[in-house]
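Novice: Please work out how this folds:
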Amino acid sequence: MPLQLLSDNIEIGVVTTNISNMRRFYGDILGLKYESELKFPGGVMHRYHMGSAIVKLVSYDTPPENDVIPGGGFSARGYRYISMGVNGLTAWFTELKAAGVEIPVDVTAFADGIGFGFLADPDGNWIEVFGVL
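Specialist: Residues are numbered from 1 along each chain as shown. Now for the predicted structure:
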């Protein structure tokens, strides 16, 4: 039987023990639109829109044993970062730096007027940002 998707978007779960700082980062600093809180047995999820994708900040009543492995794709195999495209990449990174956001890879041009960079959330998870410089 072929897979029957309920939606065309992707949802990514980010598990944290630092929910208030993570909510501030994704909601206030990145400016993602807050959708809802979902309580479930053993924890809570806060859902944010990133375009048609959903970022789910998840906090469990019993914290996980292992910490984040910082360093994006350079540090370990597996799902290592999320990506998003923006206009005004250079100006936005300037604002992020002024707000104290960790920028492990600054804006780097790779094509005519296009570039990329990486920022890190308060837990050390990397986010690739690409787009028009």
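Novice: Direction included, what does the helix or strand containing residue 59 pair up with?
Specialist: If you go by DSSP states H and E, residue 59 is part of strand 53-60. Sheet pairing here is set by DSSP bridges, and for strand 53-60 it gives strand 11-15 (parallel), strand 43-50 (antiparallel).
Novice: what about dumping the CA coordinates of the shortest one to PDB?
Specialist: Right, the one you point to is strand 11-15. In PDB, the C-alpha atoms belonging to strand 11-15 read as follows (Å, rounded to 0.1, in the frame of the first residue of the first chain):
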ATOM      1  CA  GLU A  11       7.600  19.100  10.900                       C
ATOM      2  CA  ILE A  12      10.900  19.000  12.900                       C
ATOM      3  CA  GLY A  13      11.000  18.300  16.600                       C
ATOM      4  CA  VAL A  14      13.600  20.100  18.600                       C
ATOM      5  CA  VAL A  15      13.900  18.500  22.100                       C
END
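Novice: what's in contact with the following helix or strand past it?
Specialist: As assigned by DSSP H and E, the chain's next helix or strand after strand 11-15 is helix 19-23. Applying C-beta atoms under 8 Å, 6 or more residues apart in numbering, the external contacts of helix 19-23 come out as 14, 16, 44, 46, 57, 59, 121-123. (Glycine included, C-beta is placed from N, CA and C.)
Novice: Buried deepest among the strands paired with strand 53-60, which one?
Specialist: Across those, the average number of neighbours (mean count of other C-beta atoms under 10 Å) peaks for strand 43-50, which reaches a mean of 17.
Novice: what's the strand holding residue 59 in contact with?
Specialist: Where contact means C-beta under 8 Å, 6+ apart, the residues beyond strand 53-60 that reach it are 9-17, 19, 22-23, 26, 32, 35, 42-49, 82.
Novice: any idea which helix or strand comes after that strand?
Specialist: Per DSSP H and E, strand 53-60 leads on to strand 81-87 as the next helix or strand towards the C-terminus.
Novice: Buried residues in that following strand, which are they?
Specialist: residue 82 (16 or more other C-beta atoms under 10 Å).
Novice: And the longest helix seen in the chain, what's buried?
Specialist: Once the chain is assigned using DSSP state H, the helix that runs over the most residues is helix 89-98. Neighbour-count burial for helix 89-98 flags 89, 92-93, 96 (criterion: 16+ other C-beta under 10 Å).
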